[in-house]
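> all I have is the shape, not the residue letters:
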């Protein structure tokens, strides 16, 4: 019996080590990595025939300064205040495209993740390159 418990302890230790390493690597990569394939370049979006609901995850100052025409604003900080307006603009057959300032900004990823997990929206993506990509394409 003692031998069985020792073998189980060894087996458990062997399983815990790779799981811990995997969890650490995922944590280092960031929360959104499981959804990396939901990041779409602007060139692909322009070819879609579907209605796109643009969601700006930047600060109110940035949004008021300039934003994609027709975009709704939604941030984690103002989630409860801004979500009802966004849901009024949402239609079941539309694609939700979230953007923030740039590739380095992760606000869009967090907003998109919450729209999927908390609100239950299915077609939610992040604009690769964010506002900078949009602005660059308008030149």
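Looks like it arrived, so ask away. Quantities reported herein were computed from a predicted structural model and do not represent experimental measurements.
> quick one, helices of this structure?
According to DSSP state H, the chain carries its helices in the segments 2-29, 42-45, 60-65, 79-89, 107-114, 130-137.
> of those, which shows the lowest average pLDDT?
Among the helices of the chain, helix 2-29 carries the lowest mean pLDDT, at a mean of 62.
> so what's the residue count around the residue nearest to residue 99 when sequence neighbours are not counted?
Leaving aside its sequence neighbours, residue 99 sits nearest to residue 127 (C-beta to C-beta, 6 or more residues apart in numbering; 3.9 Å). Using the backbone N, CA and C atoms, a C-beta is placed for each residue, glycine as well. A count of nearby residues for residue 127, using other C-beta atoms under 10 Å, gives 25.
> again with residue 115
Residue 115 has 23 neighbouring residues, counting by other C-beta under 10 Å.
> what sits against it?
Each residue near residue 115 by C-beta atoms under 8 Å, 6 or more residues apart in numbering is listed here: 55, 74, 96, 98, 121, 124.
> report the separation between it and residue 9.
Look at residue 115 and residue 9: by C-beta to C-beta, to the nearest Å, they are 44 Å apart.
> and residue 114, by the same measure?
Counting by C-beta to C-beta, the gap from residue 114 to residue 9 is 40 Å.
> what's across from the closest residue in space to residue 38 that isn't next to it in sequence in the sheet?
Among residues not flanking residue 38 along the chain, residue 125 sits closest, at 4.9 Å (C-beta to C-beta, 6+ apart). On the basis of DSSP bridges, residue 125 is bridged to residue 97.
> contacts only, for the nearest residue to residue 50 once chain neighbours are set aside.
Nearest residue to residue 50 in three dimensions, chain neighbours excluded: residue 95, at 5.1 Å (C-beta to C-beta, 6+ apart). Listed by C-beta under 8 Å, 6+ apart, the contact partners of residue 95 are 48, 50-53, 123-125.
> out of these, which are buried?
For the contacts of residue 95, a burial check counting by 16 or more other C-beta atoms under 10 Å picks out 52-53, 123-125.
> closest one of those residues to residue 103?
Relative to residue 103, the closest of the buried ones among the contacts of residue 95 is residue 125; by C-beta to C-beta it sits at 14.7 Å.
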